[in-house]
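J.: Would you be able to build a 3D model of this:
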Amino acid sequence: MAELKFEIKEHIGTVSESSKGWTKELNIVSWNGANPKFDLRDWAPEHEKMGKGLTFTNEELKNLRDILIDMNL
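T.: Prediction:
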């Protein structure tokens, strides 16, 4: 299996933290040298491991924002 390469370009914020120190974070990440995207996933304390996550383009994140606003949370 090919090695997955990533670079966290910007940390936007932390959504939550588990008792084991993993954090659910929103970051801007470049995967395998591609254009950076917004990325929401769990990370180990030193970002050496990651869980499954979701990536969003600018337009997708704007659409998600609008959906959440419409929910009146």
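
J.: Give me the number of neighbouring residues for the closest residue to residue 11 other than its chain neighbours.
T.: Leaving out its chain neighbours, the residue that sits closest to residue 11 by C-beta to C-beta, 6 or more residues apart in numbering is residue 27, at 5.3 Å. Every C-beta, even on glycine, is put in place using the N, C-alpha and C of the backbone. Neighbour count of residue 27, defined by other C-beta atoms under 10 Å: 22.

J.: Where does residue 27 fall, secondary structure wise?
T.: Assigned by DSSP states H and E, residue 27 belongs to strand 23-31.

J.: avg pLDDT for that strand?
T.: Mean pLDDT, computed over strand 23-31, is 98.

J.: Please spell out which residues along it are buried.
T.: 23-27, 29 (16 or more other C-beta atoms under 10 Å).

J.: Repeat that for stretch 8-26.
T.: Buried-residue list, stretch 8-26, by 16+ other C-beta under 10 Å: 22-26.

J.: on that earlier part again, now tabulate the buried residues of strand 23-31 in CSV and tack on distance to residue 43.
T.: Conversion of these to CSV gives the following (distance: C-beta to C-beta, whole Å):
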residue, distance to residue 43
23, 6
24, 8
25, 6
26, 11
27, 8
29, 10
